[in-house]
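> sharing a sequence plus its predicted fold:
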Amino acid sequence: MTQYSYRRTANLQGPKFTSVEISEMKIVEHGIAAVVTCRGTFEGPQFSGTLKFMRVWLKKGDRWQIIAGSISN
């Protein structure tokens, strides 16, 4: 799991924003699993603000898939 692959996948899902800034990203790999935590600041017509994210990823073959996650203020 790399920061590039996380950001690329995250940009494909959810509401559309005019500005997205990801900070404090931490990736901890555990074999075929990885835990990603970060803070995101968003600007857009549907929502503006800063949120904390946690995602659990599982590697299946050569692809990473989100299997769990949480978002908080």
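Yep, that arrived. Numbering: from 1, shown residues only.
> pretty sure A33 contacts K60?
No: taking contacts as Cβ atoms under 8 Å, A33 lies outside contact range of K60: 10.7 Å. C-beta here means a position set from N, CA and C on the backbone, and glycine is covered the same way.
> more neighbours: which of those two?
Remark: of A33 and K60, A33 carries more neighbours, 15 against 10, as counted by other Cβ atoms under 10 Å.
> for R39, see how far away the more buried one is.
22 Å (Cβ to Cβ, to the nearest Å).
> ok, now I32?
The value you get for I32 to R39, if Cβ to Cβ is used, is 26 Å.
> out of those two, which sits in the busier spot?
R39 (13 against 10).
> so what's the nearest residue in space to the more buried one that is not next to it in sequence up against?
Counting by Cβ to Cβ, 6 or more residues apart in numbering, E24 is the residue found nearest to R39 once chain neighbours are left out, at 4.6 Å. Taking Cβ atoms under 8 Å, 6 or more residues apart in numbering as the criterion, E24 is in contact with 37-39.
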